[in-house]
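**Q** sequence-free structure coming up:
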């Protein structure tokens, strides 16, 4: 295993910089080191979790009003500090739904998730195929009053990797001239770097979702999922064991109308994975033109809580959102405003996220009434 100093990676500026500046960069890097260690223990978190259904809960598979749905998500964090080494996450998925009984449906999905974190370019890649069954509990798929219970599961493959070439290690720190310390990348790091890729592992996820739809803009839903059921081994070194913790998710929300055109969509999601806890709560306001070819806009405010480095729970970010809904296309944008101690380094500039959802309209037989998420 590498000691903490061995994980530091700096693109050190010109040798004319003072030792005090070197110490400043070193402390800043150590801060991100600690943050990266905490992040490496948990899956990627999306601010627009409601626009990333297949990564949130396998039971969200097929819960849309259409014949198929395509989703894409992109998030970037801390580019104000890490520049080209910013934390980035990508997700994409496609879902198909088919009527299997009167009021009941089955769905199939394919999804891909990829993250790259920080200066070591620690990368996690996972791909899944999924399936779900949607059982109608009450109502008719042609009427507003509907209740459904959905069970879903995913199976896939994953792999973790590092790029060791950009790292420097404690033995490469040359302090022979205290006024001009530098990193000698040609020096022997004194480390055995092992494999850059973990073994490919098998991954299982499962989830449940219940929802009730009372009107076009009035609904409620509850769901939960367990990811990485088998806690696969993701160690890089041969014969080593490093388990990927299961991730437990609960989420709930709904839509409350003020008028026929204006409503509010509150929601909450909570995640626990090993020592890490994360929760996002807030709401989007939605205004619709109420016409057959519906056009709607949303805007909202959210808060993100997590356990900090000292283990207490606190607000990490405030999230502002804006979403444009067309007849078949939703485009969302959000920005995380940092509120934790990290503001001392990034001046509250957290990160931005973009989401895209395309839904192909369904024929009458394939129609299924679903809530707005």
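**A** Looks like it came in fine. Note that the coordinates shown come from a computational prediction; the quantities given were computed from them, not determined experimentally.
**Q** which stretches of the stretch 101-250 of the chain have low pLDDT?
**A** Along the stretch 101-250 of the chain, segments meeting pLDDT under 70 span 139-145, 190-195.
**Q** that one: helices as residue ranges?
**A** Under the criterion DSSP state H, counting those that start in this stretch, the stretch 101-250 of the chain carries no helices.
**Q** what about the strands in it?
**A** Under the criterion DSSP state E, counting those that start in this stretch, the stretch 101-250 of the chain contains strands at 104-117, 122-139, 146-161, 173-174, 182-183, 201-215, 218-227, 247-257.
**Q** would you turn those strands into CSV with distance to residue 373 and mean neighbour count?
**A** Glycine gets a C-beta too; all of them are placed from N, C-alpha and C. Output for the strands of the stretch 101-250 of the chain, formatted as CSV (distance: least, C-beta to C-beta, whole Å; neighbours: other C-beta atoms under 10 Å):
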stretch, distance to residue 373, mean neighbour count
strand 104-117, 15, 20
strand 122-139, 15, 18
strand 146-161, 13, 19
strand 173-174, 50, 15
strand 182-183, 48, 17
strand 201-215, 10, 19
strand 218-227, 8, 20
strand 247-257, 7, 19
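**Q** for these, which one sits closest to residue 355?
**A** Nearest to residue 355 among those is strand 104-117 (13.9 Å), distances taken as C-beta to C-beta.
**Q** so what strands line up beside the closest one?
**A** strand 87-101 (antiparallel), strand 122-139 (antiparallel) (DSSP bridges).
**Q** beta partners for the nearest residue to residue 111 once chain neighbours are set aside?
**A** Distances taken as C-beta to C-beta, 6 or more residues apart in numbering put residue 93 closest to residue 111, at 3.6 Å, once the chain neighbours are dropped. Applying DSSP bridges to residue 93 gives these bridge partners: residue 71, residue 111.
**Q** now do residue 93, the pLDDT please.
**A** We have a pLDDT of 97 for residue 93.
**Q** likewise for residue 1?
**A** Residue 1 is given a pLDDT of 26.
**Q** within the helices and strands, which one has residue 62?
**A** Using DSSP states H and E, residue 62 falls within no helix or strand.
**Q** beta-bridge partners for the residue nearest to it when sequence neighbours are not counted, please?
**A** Distances taken as C-beta to C-beta, 6+ apart put residue 107 closest to residue 62, at 2.6 Å, once the chain neighbours are dropped. Counting by DSSP bridges, residue 107 is bridged to residue 97, residue 132.
**Q** thinking residue 107 is in contact with residue 94, fair?
**A** No. Shown here, residue 107 and residue 94 do not form a contact pair, counting by C-beta atoms under 8 Å, at 10.8 Å.
**Q** got the contact list for residue 233?
**A** 198-199, 201, 241-244 (C-beta atoms under 8 Å, 6 or more residues apart in numbering).
**Q** let's see if you can find the most crowded of those.
**A** For the contacts of residue 233, counting by other C-beta atoms under 10 Å, the largest number of neighbours falls to residue 244: 24 neighbours.
**Q** ok so, going back, distance to residue 328 for the contacts of residue 233 - can I get that in a markdown table?
**A** Compiled in a markdown table, the contacts of residue 233 are given as follows (distance: C-beta to C-beta, whole Å):
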| residue | distance to residue 328 |
| --- | --- |
| 198 | 39 |
| 199 | 41 |
| 201 | 37 |
| 241 | 47 |
| 242 | 43 |
| 243 | 42 |
| 244 | 37 |
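**Q** how about the strands of the stretch 101-250 of the chain in TSV, adding distance to residue 356?
**A** Output for those, formatted as TSV (distance: least, C-beta to C-beta, whole Å):
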stretch	distance to residue 356
strand 104-117	14
strand 122-139	19
strand 146-161	21
strand 173-174	45
strand 182-183	41
strand 201-215	22
strand 218-227	22
strand 247-257	21
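**Q** residue 62: which of these is closest?
**A** Using C-beta to C-beta, the nearest of these to residue 62 is strand 104-117, at 2.6 Å.
**Q** now the angle from that closest one to strand 146-161?
**A** Strand 104-117 and strand 146-161 meet at an angle of 30 degrees, taking axes from the mean of the first three to the mean of the last three C-alpha atoms, to 10 degrees as the criterion.
**Q** tell me the contacts of the residue nearest to residue 111?
**A** Taking C-beta under 8 Å, 6+ apart as the criterion, residue 93 is in contact with 53-55, 70-71, 109-112.
**Q** ok, 6 Å please
**A** 54, 71, 109, 111 (C-beta atoms under 6 Å, 6 or more residues apart in numbering).
**Q** and which of those is nearest residue 313?
**A** residue 54 (27.7 Å).
**Q** state whether that closest one is indeed within a helix.
**A** Yes. Assessed with DSSP: H, G, I helix; E, B strand; the rest coil, residue 54 lies in a helix.
**Q** thought it was touching residue 112?
**A** No. The criterion here is C-beta atoms under 6 Å, and residue 54 misses it with residue 112 at 9.4 Å.
**Q** now do the shared contacts for the two.
**A** With C-beta under 6 Å, 6+ apart, residue 54 and residue 112 have no common neighbours.
**Q** if I look at residue 50, what pLDDT would I see?
**A** For residue 50, the predicted pLDDT is 94.
**Q** skip the chain neighbours and tell me the closest residue to it.
**A** Using C-beta to C-beta, 6+ apart, the nearest residue to residue 50 is residue 373, at 4.3 Å.
**Q** measure that neighbour to residue 106 for me?
**A** 20 Å (C-beta to C-beta, to the nearest Å).
**Q** how close does residue 47 sit to residue 74?
**A** 12 Å.
**Q** so which of those two has more stuff around it?
**A** It is residue 47, of residue 47 and residue 74, that has more neighbours when counted by other C-beta under 10 Å, with 27 against 15.
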